[in-house]
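Visitor: Have a look; sequence and predicted model below, questions after that.
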Amino acid sequence: MVKIALQFKAVLENITNLRPEGDDFRWYLKLKCLMCGEVGEKWHYVTSEESAPLKGGRGSANLITKCKLCSRENNIDILKDSIQPYCAENSEEFRTMVVFECRGLEPIDFSPRVGFVAEGAESGLKFDEVELTEGEWTDYDENAQQPVGITELEHRFVKA
């Protein structure tokens, strides 16, 4: 069992508290089997809302997947207490947003998509539909009368 953190780095303009919204938030990951080294072409999503039992009654996991090359069953769990917002004071620094507990696999890529929320740094106005599919997002904060945005989004995985 290995704990791997997904870290974000971005330039935040007049925005703060970027975070996933709800237990049904989908983290889209590309995974590598640690047994044979196979990297799947397909994006897998893991959400803390879904859980499946492990073979042999050894508990459960948020995602169970079988390697196409070596047929090993691997799994990944989201450590719910590890989810942290990316804040304005972290702008342009790598910060951990979530930690995954991995057995037999490791995430090698992340695809930010929909389901993020954020707040205006000055006004506190909540932005409910922050879509990061293109690696950036812009809008306008009516309360603070200023543009808001997230640009230069990067991510990396580190052992936690």
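Guide: Perfect, I can see it now.

Visitor: Report the distance from the longest strand seen in the chain to the chain centre.
Guide: Counting by DSSP state E, the longest strand found in the chain is strand 146-159. A distance of 12 Å separates the centroid of the chain from that of strand 146-159, by CA atoms, centre = their mean, to the nearest Å.

Visitor: Check the secondary structure at Gly56 for me.
Guide: helix (DSSP: H, G, I helix; E, B strand; the rest coil).

Visitor: can you tell me which residues contact Arg19?
Guide: The contact partners of Arg19, by CB atoms under 8 Å, 6 or more residues apart in numbering, come to 83-86, 97, 116-118. Any C-beta I mention is one placed from the backbone N, CA and C, and that applies to glycine too.

Visitor: Hmm, I typed the wrong one, I wanted Pro85.
Guide: Per CB under 8 Å, 6+ apart, neighbours of Pro85: 16-19, 97.

Visitor: In terms of distance to Gly59, which of those residues ranks first?
Guide: Minimum distance to Gly59 across these is 24.7 Å, recorded for Met97 (CB to CB).

Visitor: Give the other helices and strands that the stretch of helix or strand the closest one belongs to contacts.
Guide: Applying DSSP states H and E as the criterion places Met97 in strand 95-103. Contact here means 3 or more CB pairs under 8 Å, 6 or more residues apart in numbering; DSSP states H and E; on that basis strand 95-103 packs against strand 2-13, strand 15-20, strand 73-78.

Visitor: Just checking: what are the partner strands of the last one?
Guide: Strands that pair with strand 73-78, judged by DSSP bridges, come out as strand 63-66 (antiparallel), strand 95-103 (antiparallel).

Visitor: follow-up on the earlier one: among the helices and strands packed on strand 95-103, which is nearest Glu122?
Guide: That would be strand 15-20 among the helices and strands packed on strand 95-103, by CB to CB, at 9.2 Å.

Visitor: That closest one: which residues count as buried?
Guide: Buried residues in strand 15-20, defined by neighbour count with 16 or more other CB atoms under 10 Å: 15-20.
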